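Engineer: Sequence and predicted structure, then a few things I'm wondering about:
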There are 2 protein chains.
Amino acid sequence: MSNHTITAPRGFEAGAAMAGIKQANRLDVGVIASEVPCTAAAVFTRNRFCGAPVIVGREHVRDGCLHAVVVNSGCSNVATGRRGVADARAMCRRVAEGIGVDETDVLPSSTGVIGQFLPMDKVLKGIDRAVEALSGSARAGRSFARAIMTTDLKVKQATARFKIGKEVVTVAGCCKGSGMIAPNMATMLAYLTTDAGVPAARLRTFLQAAVEPTFNRVTVDECESTSDTVTIMASGLALPLDSRKAEICFAVALGEVCESLAYQIAADGEGATRVLEVSVTGAKTPADAHAAARTIAVSPLVKTAVHGGDPNWGRIVQALGQTRVAYQPERVVIRLDKTTLFRKGAPAPDLDRRKLSRMMLQKHVSIAVDLGAGKACDRVLTCDLSRDYIKINADYTT
Amino acid sequence: MSNHTITAPRGFEAGAAMAGIKQANRLDVGVIASEVPCTAAAVFTRNRFCGAPVIVGREHVRDGCLHAVVVNSGCSNVATGRRGVADARAMCRRVAEGIGVDETDVLPSSTGVIGQFLPMDKVLKGIDRAVEALSGSARAGRSFARAIMTTDLKVKQATARFKIGKEVVTVAGCCKGSGMIAPNMATMLAYLTTDAGVPAARLRTFLQAAVEPTFNRVTVDECESTSDTVTIMASGLALPLDSRKAEICFAVALGEVCESLAYQIAADGEGATRVLEVSVTGAKTPADAHAAARTIAVSPLVKTAVHGGDPNWGRIVQALGQTRVAYQPERVVIRLDKTTLFRKGAPAPDLDRRKLSRMMLQKHVSIAVDLGAGKACDRVLTCDLSRDYIKINADYTT
């Protein structure tokens, strides 16, 4: 039970290699392969300049069947025209030849700089080595998770298990994502594996339901990436989901894994020192709740205040005032953790600024807004905005 | 002709005082007063939690007549409930008593921290001293411009003049704005004066037309302030706008002043080291052009790349891909100054990254996007995003 990586579910192997795309001596090509054909589903970025791998990936997952995924970091193969699409296909072909499957059963991803062509010599050699390295070990699973990282500082993995009778079903996942994170569809690269047996159409429903409240509720910089991909492969080697109970257990386990990964993305946001969770209750509609939470979560003024432990909560009011959702200002209540900051249109009496400052310097900061306009609620995860975000992004390619 | 401040047009005096609201020994209360009743117009923030002075200001300008404005910096009197509104009225009353006019002919503004009550003792004493200091000198005009500053590093002023026959008409303005700047209505505090004679209804039209392409096209951090106010007072002591030619000359002069002030705001954006101008042509509709330009201008990834001189132009593609406006990706052309970066869905050949980096380190950086989808165009002004933005905002109130 000590394997907490994407090779934990039965039937999955992973491999990684240093191809020299990213930097010398860093893993930058990874492959996940299944022993058996898997049912599969995926969600992709809605960015109009989506990467060549997204174009090819959409094609390959359409039939609900995948045998492998191949990923490189260091170059995203975006804004690269026809040549880029040909390169993404060549990546799939190389994996397919290596493990003896159909090239259309391989889903490709690339992450890194936009607007540059892949160094295909290096990429193809890297794929060969990653295929040679394929193994079902935890170590191999972790190497894959490392290979997909760009500005991430931490490996992001999660697993969940449940029992049906004596049979254990495992759901596992790993992801990368730190900058260029906005909650429109997938927001990063995430690969999920499970040994449950789930028909492809059903798997798609499960995936969409799990992505919506988790990956689609994380924002780091509100920049929607051109490469975002979340995919799940189900080997069916453990158990088919043949009961209502099994389906519910699976949905819960998948939700847990996605929530953990989403939280890890917020916590490892570029330059992040703490996680900021913005919850909205009392909204008239779910869309209103989402819009209000997101407007506060993306505000650079709120995020810098949280970074500096500056109890400048007026910025929450400002951000909320910018949204066009339904509420009456004098009915709004704003809390930091459990401390009321603002109600009846005015500051709460006796606010202790030092205490507020200390609360904002915790690892997890909670802003809760009640709009007093209805019953809908939502929440968004983000992180603080620090000098390091600027440092990381002011000279990313140079 | 050496007065380039808001006291340049005939009939206007300004005064300022150090009231100790902001910091010791800093001007933080300012008054503009007119010798004669002025026609007036104003546009205000659309933020739902607008400040108490905005509520009172809307009321006082409704009849198209103003005699004075009063401004304090250091505390914005926002999110302060009924007490805040009473305080804003008290500010107007004090000025009105001081100069002998009706209190409803005074427009109040406050700028600074949100969610704190005004220290009215200090404010009222400051108003008395500012009224005593009223003078038509350039020095007094400049003192007013200083008194309204918060995180601004530079005084922002502009004047324009035109001749009708032998008569010279002057339009002048000053403004403050550095952070919490988004282009929805006014985006900051700006006070415009003119000695042209313009009926109030007409003045409103002129002001709206001038604000739209200038102040409404500046974004620093896309945070829409709760205090935004642009107001214009016309004394009529020079000349009535009684001909088509005079009206056109006035519109041009007003546009010039607003454009200059808007540019000064972008250049003095919190932490800014350079101005970034994003132009969009070939859009299907004006709204599309605006949306595309703004999405690029607000992208922290584009803004940090411009800060670091990182020729990572793929981020422009990413930002554009995030908009939902009409275009076909393969028809889009992206230029940095006059250098084509991207066309036909792929990078332009032979891009010289060093040259691009140098171009991005200029004081004025121009990104031009042609969508190839129509004839509409627009542009947005912003600035780069630097560590200093974080520094300024991580500990603003502490």
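Structural biologist: All right, it came through fine. Residues are numbered from 1 along each chain as shown, chains lettered A, B, ... in the order given.
Engineer: do you know how far the closest residue in space to residue A:94 that isn't next to it in sequence is from chain B?
Structural biologist: Here the nearest residue to residue A:94 in space, its sequence neighbours aside, is residue A:127; by Cβ to Cβ, 6 or more residues apart in numbering or on different chains that works out to 4.6 Å. Using the backbone N, CA and C atoms, a C-beta is placed for each residue, glycine as well. Note on residue A:127: its distance to chain B, by Cβ to the nearest Cβ, to the nearest Å, is 23 Å.
Engineer: And residue A:127, how far from residue B:26?
Structural biologist: Taking Cβ to Cβ, to the nearest Å as the measure, residue A:127 falls 63 Å from residue B:26.
Engineer: out of those two, which sits in the busier spot?
Structural biologist: Counted by other Cβ atoms under 10 Å in any protein chain shown, residue A:127 and residue B:26 do not tie: residue A:127 has more neighbours, with 26 against 15.
Engineer: Report the residue spans of the stretch 251-398 of chain A with pLDDT below the cut-off.
Structural biologist: Along the stretch 251-398 of chain A, segments meeting pLDDT under 70 span A:395-398.
Engineer: Can you show me the helices along it?
Structural biologist: Remark: helices assigned in the stretch 251-398 of chain A by DSSP state H, counting those that start in this stretch are A:286-298, A:300-308, A:314-322, A:353-360, A:387-394.
Engineer: Surely residue A:102 and residue A:67 touch.
Structural biologist: Yes - the criterion here is Cβ atoms under 8 Å, and residue A:102 meets it with residue A:67 at 7.2 Å.
Engineer: shared neighbours of those two, which are they?
Structural biologist: Common contacts of residue A:102 and residue A:67 (Cβ atoms under 8 Å, 6 or more residues apart in numbering or on different chains): residue A:96.
Engineer: Okay, and the residue nearest to residue A:94 sits in which element?
Structural biologist: Element membership for residue A:127 (DSSP states H and E) is helix A:120-132.
Engineer: Kindly export that helix (C-alpha atoms) in PDB.
Structural biologist: Extracted in PDB, the C-alpha atoms of helix A:120-132 (Å, rounded to 0.1, in the frame of the first residue of the first chain):
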ATOM      1  CA  MET A 120      12.100  16.700 -32.100                       C
ATOM      2  CA  ASP A 121      15.500  14.800 -32.100                       C
ATOM      3  CA  LYS A 122      15.700  15.200 -28.300                       C
ATOM      4  CA  VAL A 123      12.000  14.600 -27.700                       C
ATOM      5  CA  LEU A 124      12.000  11.300 -29.700                       C
ATOM      6  CA  LYS A 125      15.200  10.000 -28.000                       C
ATOM      7  CA  GLY A 126      13.700  10.900 -24.700                       C
ATOM      8  CA  ILE A 127      10.500   9.000 -25.500                       C
ATOM      9  CA  ASP A 128      12.500   5.900 -26.400                       C
ATOM     10  CA  ARG A 129      14.300   6.100 -23.000                       C
ATOM     11  CA  ALA A 130      11.100   6.700 -21.100                       C
ATOM     12  CA  VAL A 131       9.500   3.700 -22.700                       C
ATOM     13  CA  GLU A 132      12.500   1.600 -21.800                       C
END
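Engineer: Mind listing what's buried along that helix?
Structural biologist: Buried residues in helix A:120-132, counted by 16 or more other Cβ atoms under 10 Å in any protein chain shown: A:122, A:123, A:124, A:125, A:126, A:127, A:128, A:129, A:130, A:131.
Engineer: for stretch A:271-281, same thing?
Structural biologist: A:271, A:272, A:274, A:275, A:276, A:277, A:278, A:279, A:280, A:281.
Engineer: And these, which two are furthest apart?
Structural biologist: A:271 and A:281 (29.6 Å; Cβ to Cβ).
Engineer: quick one on the thing from earlier: can you tell me which of the buried residues of stretch A:271-281 lies closest to residue B:347?
Structural biologist: For the buried residues of stretch A:271-281, the nearest to residue B:347 is residue A:271 (28.3 Å; Cβ to Cβ).
Engineer: so what's the closest one up against?
Structural biologist: Residues in contact with residue A:271 (Cβ under 8 Å, 6+ apart) are A:383, A:384, A:385, A:386, A:387, A:388, A:389, A:390, A:391, A:392.
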